[in-house]
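[1] Sequence plus predicted model, see below.
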Protein chains: 2
Amino acid sequence: MQVLEDLNNSLRDNLLLVGYLILSQRYFVMFHKILLVNIKESDIDQSYWKRIDSITQKKVFLPKDSPNIVKEIKDADCLLVGFATHVTKEHIDAAPHLKYIGTSAVAFHNIDVEYARKRAIPVTNIAGYCTDAVAEFIIASILNEIRHLDEGKERARNNNYEFRGINPSQIKGKIFAVFGLGNIGKRTAEIAKGFGADVRYWSKHRKKDFEENGIKYEDKDSLLRNSDFISLNFAHTPETEKFLGKKEFSEIKSGAVVVNTVPMETIDLDALENRLNKNDIIFISDHSDEMKKEDLTKIKKYKNCITYPPIAFNTKEAIINKNNLFVGNIENFLKGHPTNVVN
Amino acid sequence: MQVLEDLNNSLRDNLLLVGYLILSQRYFVMFHKILLVNIKESDIDQSYWKRIDSITQKKVFLPKDSPNIVKEIKDADCLLVGFATHVTKEHIDAAPHLKYIGTSAVAFHNIDVEYARKRAIPVTNIAGYCTDAVAEFIIASILNEIRHLDEGKERARNNNYEFRGINPSQIKGKIFAVFGLGNIGKRTAEIAKGFGADVRYWSKHRKKDFEENGIKYEDKDSLLRNSDFISLNFAHTPETEKFLGKKEFSEIKSGAVVVNTVPMETIDLDALENRLNKNDIIFISDHSDEMKKEDLTKIKKYKNCITYPPIAFNTKEAIINKNNLFVGNIENFLKGHPTNVVN
């Protein structure tokens, strides 16, 4: 039986060796310990956890802003954080072995990415995961209003099939303005172009390449005055704070539909309320969850102010993209070609 | 004062002559009498009536199927009819001076267009007036369901800004099938292409020119099995009666959204009900107004059966197109180059 046992041990060792060779070919290194802050096991599908488990020896979960971060980060070589999680100089200083920081969000304003760079630690995000999701929501939410689908469904529910009195309108031939021409702005512009809209854009930096698609640049003021549809698609920065203020809201064309899928800090709420009160524009936002209750109450009382939960970014397809990017970024770093590095 | 009166008369005569010359240059002839059946004065804007008045000496209005048609048509040289109005051999025989028949609808199945052709009377319709209106509604009604906009708005109304539990999906990358590739089918395909869908079509006659846009032909059965979105865009004819029957409804992919903006005679209602009962497809129709009440009740009880009043064709822009085409057809006939002739 000793012979069989030796053969068994030898087979096991060889299998382990083969396994190691396969692994080491796929990944130059494995992590010793991954610290996960503000990410719960239930946030990600099991298949993704399997991919994470296959590249680390140990996982430790902590809630957001836990005082234990400084202790647990000591021997961690990988730090993964959820949306809006703080990663400070103190955290990084406490982590002599840290090689990688990944966030499962697009925003990284709470991570000291500059200090991480000084320590040669790449910080990765999941930029672009919801480009199509948001762009399609912008178009969907506009169509919902201009086709009066709610009124249509309501009538049908009440067995009223009269179409008169519902006065829908179209996107074709209208001026469709995109403010901010990043990924989401571009995708929105392309879809609107498919409808046959006259698509125009304003952006801090003019993007002449994109203009070859027949999408014209126009300055902010004349775009506000001319456009039937207005979509805001830039990040919230000090520069874009109250981008639509008193002057801008007075310029917007009567009958226009304004869609805001970016944080409401880009909007001067008093100016918005003032214009909503004239009842000649429609304003749509899906960022109401981030607003102060009293601010929200102030604008929601207007029928022409349409609010949604934050459902623009949140399609099934975007969630798959999100997980693939988040886990893919970690794998790509280990393979030696890091992706979506922001610092 | 006689001098002034003569001058006045002479001026008036000259003005009339100038007016006549302008008119006769624009129109070879004017109509003596236009008979309008099933068209009310309130159906069309005043500006269009002015255009009609400028090319006729007399207008007579009659309701649909009025017994007076035979009498009034005797000295009419132009017959204008509303939606689904009967124009029979008897009517045409009773009208020795009739030169032109125009309908303010797309359908002309109640007009004896063959007999009119034998009498060399052109019949014109307003084909294409609502192409964009219907195509945009198809996309709007799909987006409304797959983005769960009703649920989103309902939550927001109740100050619930939780996005979890709403599981929206996208058009991008999905298989989008257009059955019937006329004007509306083509426009729908183009818009879906703008979303980045994998657009495919089935049509009685293959249209290879259109395939250059990256829109692939596929046979009916495999298209039903493969597609995430299905839009019916052919006319209702004996051939398309119950186009979606028992076999077809059993083939449709689980999770698919089917949009029907054509008459419900194209659908086998028992087969539809059977599939709705499985609760794995969404069916949308805006032709419920034409259905028998008991049929409508049968399918409407399913939550995945979405009905609308006939609002697909009915945008502000389509109504403008409609009036322009209807009156334009009359003017073009008088100018010697008739448009939208169907016989």
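    Yep, it's here.
[2] Of all the residues in chain A, which one is nearest chain B?
    In chain A, no residue comes nearer to chain B than residue A:194, which is 1.7 Å away by Cβ to the nearest Cβ. C-betas here are computed from N, CA, C, even on glycine.
[3] list the contacts for the nearest residue to that residue once chain neighbours are set aside?
    Leaving out its chain neighbours, the residue that sits closest to residue A:194 by Cβ to Cβ, 6 or more residues apart in numbering or on different chains is residue B:194, at 1.7 Å. Contacts here follow Cβ atoms under 8 Å, 6 or more residues apart in numbering or on different chains; on that basis residue B:194 touches A:190-191, A:193-195.
[4] Could you dump these into a markdown table and include pLDDT?
    Compiled in a markdown table, those are given as follows (pLDDT from 0 to 100):
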| residue | pLDDT |
| --- | --- |
| A:190 | 97 |
| A:191 | 98 |
| A:193 | 98 |
| A:194 | 97 |
| A:195 | 98 |
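[5] from these, which ones fall inside helices?
    If you go by DSSP state H, these have A:190-191, A:193-194 in helices.
[6] chain center to stretch A:290-298, what's the gap?
    Its chain's C-alpha centre and that of stretch A:290-298 lie 22 Å apart, by Cα atoms, centre = their mean, to the nearest Å.
[7] is it true that residue A:230 touches residue A:256?
    Yes. Counting by Cβ atoms under 8 Å, residue A:256 is a contact partner of residue A:230 at 6.0 Å.
[8] Neighbour count: these two, which is higher?
    Legend: neighbour count by other Cβ atoms under 10 Å in any protein chain shown for residue A:230 and residue A:256, higher for residue A:230 (25 against 22).
[9] any idea which helix or strand carries that one?
    According to DSSP states H and E, residue A:230 maps onto strand A:229-232.
[10] Quick one: list the elements packing against that strand.
    Applying 3 or more Cβ pairs under 8 Å, 6 or more residues apart in numbering or on different chains; DSSP states H and E, one finds that strand A:229-232 contacts strand A:175-179, helix A:183-194, strand A:257-260.
[11] Most tightly packed of those?
    A comparison of those by mean neighbour count, using mean count of other Cβ atoms under 10 Å in any protein chain shown, puts strand A:175-179 on top with a mean of 26.
[12] That strand vs chain B: in contact?
    No. Strand A:175-179 does not reach chain B (Cβ under 8 Å from any Cβ of the partner chain); its nearest approach is 12.0 Å.
[13] Which neighbours in the sheet does that strand have, and how are they oriented?
    Applying DSSP bridges to the sheet, strand A:175-179 is found paired with strand A:198-202 (parallel), strand A:229-232 (parallel).
[14] Tell me what angle it forms with helix A:183-194.
    Orientation check (axes from the mean of the first three to the mean of the last three Cα atoms, to 10 degrees): strand A:175-179 against helix A:183-194 gives 170 degrees.
[15] got the CA positions of strand A:175-179 in PDB?
    C-alpha atoms of strand A:175-179 as PDB (Å, rounded to 0.1, in the frame of the first residue of the first chain):
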ATOM      1  CA  ILE A 175     -32.600  70.700 -31.700                       C
ATOM      2  CA  PHE A 176     -31.100  68.300 -29.200                       C
ATOM      3  CA  ALA A 177     -28.300  69.800 -27.000                       C
ATOM      4  CA  VAL A 178     -25.800  67.800 -25.100                       C
ATOM      5  CA  PHE A 179     -23.800  69.700 -22.500                       C
END
